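Undergrad: coords below, sequence missing:
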């Protein structure tokens, strides 16, 4: 009966504007345009088949020299980090901002690296847990090294899976980009988190998580240290986030035991998305405090996973408001049920 | 010889960070990842063939009752505006923001309409100029009507072309969404424009356009009233904008003679993109002052056209910085040459 009431509650609104407490963005949940969760399963992503002999990441000798290598006990590669052969940022240049007429420009100085797991086909959803754990080790180790580079103020760790999500190479890989600037969109979220902390004396993410864990509607999974949930103001259908339960601002300070738990949470999340949405294309990324040496004690690091369930079109690009067609509560209920 | 120098100048940097004076966003021009303009021609977009008998917009009798109809002298439909059958916003609901735990939520009240041109296949690039002009008439007329609705504070007019750009129906159409809220991203740009005006005493868009017209590198086309250009801080390869040369803040106040010139500029822009990039998928949208009754005399309305030359992936979504692989100057040079 509880379920019936909930179903009814879920289906009533055709369109809702939800406010993101951190970014201050409005997002739209338009269930009038909804597909049922099951319909997403039918969407087949474009699968690019590349043979191992032609795969750059199966042939690391053809790539730039690794900056990090983890091997297993048998001496086989588990995780390798290499400089990106076609980097979006260059390691040389001047950091000075210079004028060009009324405009401002600087050299795109930064690091752009690729985190390669050894299996040509298996994504994080399918790898052994021990290897997922090694990926997290690699993220942390390389983050700490890059944060020491003097012009690096922000480090983005992200993963694109599938052509629709912008992955140009099929072999599973994450990327790390370390740059001198912090974008104002991101700054907006950092400021939102800071303002909440200063005016309310608590972390906005802790506050939301506390409510979500009590409310239960949006929770997908919990382990000892982490919560996997669909955020109240989801930017896309089936958006999933992973938060440490304790208030931690800096991902790079994660401890060994927490890394075990994060590997578990990440694999459960990816596996539910893989099975529940038929191996969809997706992007995920880490949101953590910048590496600019300032105090971000108000912030709460987390991973955001965005399955490619829709395309940002004219309204999203023009008016800045993202539209999701599945209620986060329905998405969480669906993913909770996927074993 | 002039060309040789320019070519050399264009090819030097592998990565540049350019600052958007209005939004305060950084964008990256990463020519190290570049394709040459000609390579975009080879990309074939997914073409969905729907027969006229199955096309909802060829069978308007099956749709909602039109809110605007323009016919030609022979009594045939030229432009029709209908309510969207699957609207992202609903016309009923309460505007009050209400709390749900720590969250804020309101009903998604608004209008969502579709602007249909009669030809099943021809996009704005191929329609007769007179019909493009009628589309602009329709945008203006409907904008003025919706702006009078008391809860409408922002009106977005946009056009999605092709499946990759989020168009779910192949028959060319624009959309109009009228809503009660202004997104903070958009507010950021409005504030950027206001701050420049207040501190410098001039319009930031006029200032940029003055430089661009003198510099010529980014100009694609000009007529008496409008400039078509690739913006200095392009969000995507081949981004194109159309600006009125005179400082005008409110699109809806456009005069008849200006509409003739806008139709010409819009068609030239769309036609160069159509021919030069092999009928690509694209989004375009109008950026104009909000309809909330406040003074936006500092703003300068314009159209932004974003050919779907890339996908927003983990870095763009996570770090908020968009990467373009073609220098705007090279894109403009290429499109200038397309007849």
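TA: Looks like it came in fine. The structure presented is a predicted model; accordingly, all values stated were derived computationally and were not measured.

Undergrad: CA only for contacts and neighbour counts going forward, please
TA: OK.

Undergrad: For the strand or helix carrying residue A:213, the averaged confidence score.
TA: According to DSSP states H and E, residue A:213 maps onto helix A:204-215. Model confidence over helix A:204-215, given as mean pLDDT, is 97.

Undergrad: Which helix or strand lies directly C-terminal to it?
TA: Using DSSP H and E, the helix or strand that follows helix A:204-215 in sequence is strand A:219-222.

Undergrad: partners of that next one, with directions?
TA: Using DSSP bridges, strand A:219-222 pairs in its sheet with strand A:226-229 (antiparallel).

Undergrad: And for the partner strand, what's in contact with it?
TA: Contacts with strand A:226-229, where a contact means C-alpha atoms under 8 Å, 6 or more residues apart in numbering or on different chains, come from A:218-222, A:240-245, A:261-262, A:265, A:269, A:332.

Undergrad: Which of the residues you listed are buried, as a ChimeraX select command?
TA: Below is the selection syntax for ChimeraX that covers the buried ones among the contacts of strand A:226-229, with 16 or more other C-alpha atoms under 10 Å in any protein chain shown defining burial:
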select /A:218,219,220,221,222,240,241,242,243,244,245,261,262,265,269,332
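
Undergrad: any idea which of the contacts of strand A:226-229 is closest to residue A:53?
TA: Nearest to residue A:53 out of the contacts of strand A:226-229 is residue A:269 (C-alpha to C-alpha; 31.1 Å).

Undergrad: Can you tell me the closest non-neighbouring residue to the closest one?
TA: Setting aside the residues directly before and after it, residue A:269 is nearest to residue A:228 in space (C-alpha to C-alpha, 6 or more residues apart in numbering or on different chains), at 6.9 Å.

Undergrad: Now do residue A:11, the pLDDT please.
TA: 43.

Undergrad: Near the nearest residue to residue A:196 once chain neighbours are set aside, how many other residues are there?
TA: Once its chain neighbours are removed from consideration, residue A:196 has its nearest residue in residue A:204; the separation is 6.1 Å (C-alpha to C-alpha, 6+ apart). Using other C-alpha atoms under 10 Å in any protein chain shown, the number of residues around residue A:204 comes to 22.

Undergrad: for chain A, which spans come out with low pLDDT?
TA: Under the criterion of pLDDT under 70, the regions of chain A flagged as low confidence span A:1-13, A:33-43.

Undergrad: Can you give me the domain assignment for it?
TA: Residue ranges for the domains of chain A, per automatic domain parsing: A:2-46+A:183-336, A:52-179.

Undergrad: Tell me if the shortest one is near chain B.
TA: Right, the one you point to is domain A:52-179. Yes: Domain A:52-179 comes into contact with chain B (C-alpha under 8 Å from any C-alpha of the partner chain), by way of A:86-90, A:101-109, A:156-160, A:164-167, A:177.

Undergrad: about what we covered before: look up how far residue A:237 lies from the residue nearest to residue A:269.
TA: Distance check for residue A:228 against residue A:237: by C-alpha to C-alpha, to the nearest Å, it reads 15 Å.

Undergrad: who are the neighbours in contact with the residue of chain A most remote from its centre?
TA: Of all residues in chain A, residue A:101 has its C-alpha farthest from the mean position, at 37.4 Å, by C-alpha atoms, centre = their mean. Neighbouring residues of residue A:101 by C-alpha under 8 Å, 6+ apart: residue B:211.

Undergrad: on that earlier part again, okay but the residue nearest to residue A:196 is in contact with residue A:22, surely?
TA: Yes: with contacts counted by C-alpha atoms under 8 Å, residue A:204 reaches residue A:22, the gap being 7.2 Å.

Undergrad: what sits in contact with each of those two?
TA: Residues touching both residue A:204 and residue A:22 (C-alpha under 8 Å, 6+ apart) are residue A:193.

Undergrad: isn't residue A:132 right up against residue A:267?
TA: Yes: taking contact to mean C-alpha under 8 Å, the distance of 7.3 Å between residue A:132 and residue A:267 places them in contact.

Undergrad: neighbour-wise, which of those two wins?
TA: A count of neighbours by other C-alpha under 10 Å puts residue A:132 above the other of residue A:132 and residue A:267, at 25 against 21.

Undergrad: Just give the nearest non-adjacent residue to the more buried one, would you?
TA: Spatial nearest neighbour of residue A:132, chain neighbours left out: residue A:263 (5.6 Å); criterion: C-alpha to C-alpha, 6+ apart.

Undergrad: Give the burial count for that neighbour, as a bare number.
TA: Per other C-alpha under 10 Å, the neighbour tally for residue A:263 reads 22.

Undergrad: A helix includes it, no?
TA: Yes: under the criterion used here (DSSP: H, G, I helix; E, B strand; the rest coil), residue A:263 sits inside a helix.

Undergrad: give the contact list for it.
TA: Applying C-alpha under 8 Å, 6+ apart, the residues contacting residue A:263 are A:129, A:132, A:133, A:136.

Undergrad: how does it look with 10 Å?
TA: If you count contacts by C-alpha atoms under 10 Å, 6 or more residues apart in numbering or on different chains, residue A:263 has them with A:124, A:129, A:130, A:131, A:132, A:133, A:134, A:135, A:136, A:137, A:226, A:269.

Undergrad: Please, a ChimeraX command that selects the buried ones among those residues?
TA: A single ChimeraX command suffices to select whichever of the contacts of residue A:263 are buried according to 16+ other C-alpha under 10 Å:
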select /A:124,129,131,132,133,134,135,136,137,226,269
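
Undergrad: what about the residue farthest from the centre of chain A, distance to residue B:208?
TA: Spatial separation of residue A:101 from residue B:208 under the definition C-alpha to C-alpha is 8 Å.

Undergrad: Make sure residue A:275 is indeed in a helix.
TA: Yes: if the criterion is three-state DSSP, then residue A:275 is within a helix.

Undergrad: if I look at the residue lying closest to it once chain neighbours are set aside, how far off is chain B?
TA: Excluding the flanking residues, the one nearest residue A:275 by C-alpha to C-alpha, 6+ apart is residue A:338, at 7.2 Å. According to C-alpha to the nearest C-alpha, to the nearest Å, residue A:338 and chain B sit 25 Å apart.
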